[in-house]
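K.L.:
show me how the following folds:
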Amino acid sequence: ATRVFDAARLPAPRRQLAEFARATVVVGAHGAGLTNVVASPRCATVVEVRFRDNPRSLEALSETLGLTYVAVRAAPAPGAGRDPHRDAMVAPVAEIVQVAGDNARACDGNATRAA
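P.N.:
So this is what the prediction gives:
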């Protein structure tokens, strides 16, 4: 099942972690919300939508946790500025779907959670 979270209406932290614990693929824009991958099983793949040269902290975290990490580069939206924290970006949806599909795995119920 696919779950989409809206940053304006996030569930309680405990529920967020429970959702990440069941995720086989996590896709999100660069930001602190992706640190919830600490609850993801080791078989999970993290797809980070990056804007320009964001810090590589999620890549390092994923590696430490034994998760598969894939970066997908986004572009500034037409007419938008170049600030990745404030300005709109255009994500390559077809590439994200392809990467997620290529990296999707069935995590069995006994999958060991990362750290």
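K.L.:
in this protein, where is pLDDT below threshold?
P.N.:
Residues of the chain meeting the criterion pLDDT under 70: 1, 84-85, 105-115.
K.L.:
what are the boundaries of the strands in it?
P.N.:
In the chain, the strands defined using DSSP state E lie at 25-29, 45-51, 68-76, 89-90.
K.L.:
redo those strands as CSV? Include mean neighbour count and distance to S57.
P.N.:
No exception for glycine: its C-beta is placed from N, CA and C like everyone else's. Listed next are those as CSV, based on neighbours: other C-beta atoms under 10 Å; distance: least, C-beta to C-beta, whole Å:
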stretch, mean neighbour count, distance to S57
strand 25-29, 19, 13
strand 45-51, 21, 10
strand 68-76, 16, 11
strand 89-90, 16, 18
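K.L.:
just send those strands back as JSON lines, with distance to R14 too.
P.N.:
Converted to JSON lines, those look like this (distance: least, C-beta to C-beta, whole Å):
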{"stretch": "strand 25-29", "distance to R14": "17"}
{"stretch": "strand 45-51", "distance to R14": "21"}
{"stretch": "strand 68-76", "distance to R14": "25"}
{"stretch": "strand 89-90", "distance to R14": "30"}
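K.L.:
the ones you listed: which one's closest to N103?
P.N.:
Nearest to N103 among the strands of the chain is strand 45-51 (3.8 Å), distances taken as C-beta to C-beta.
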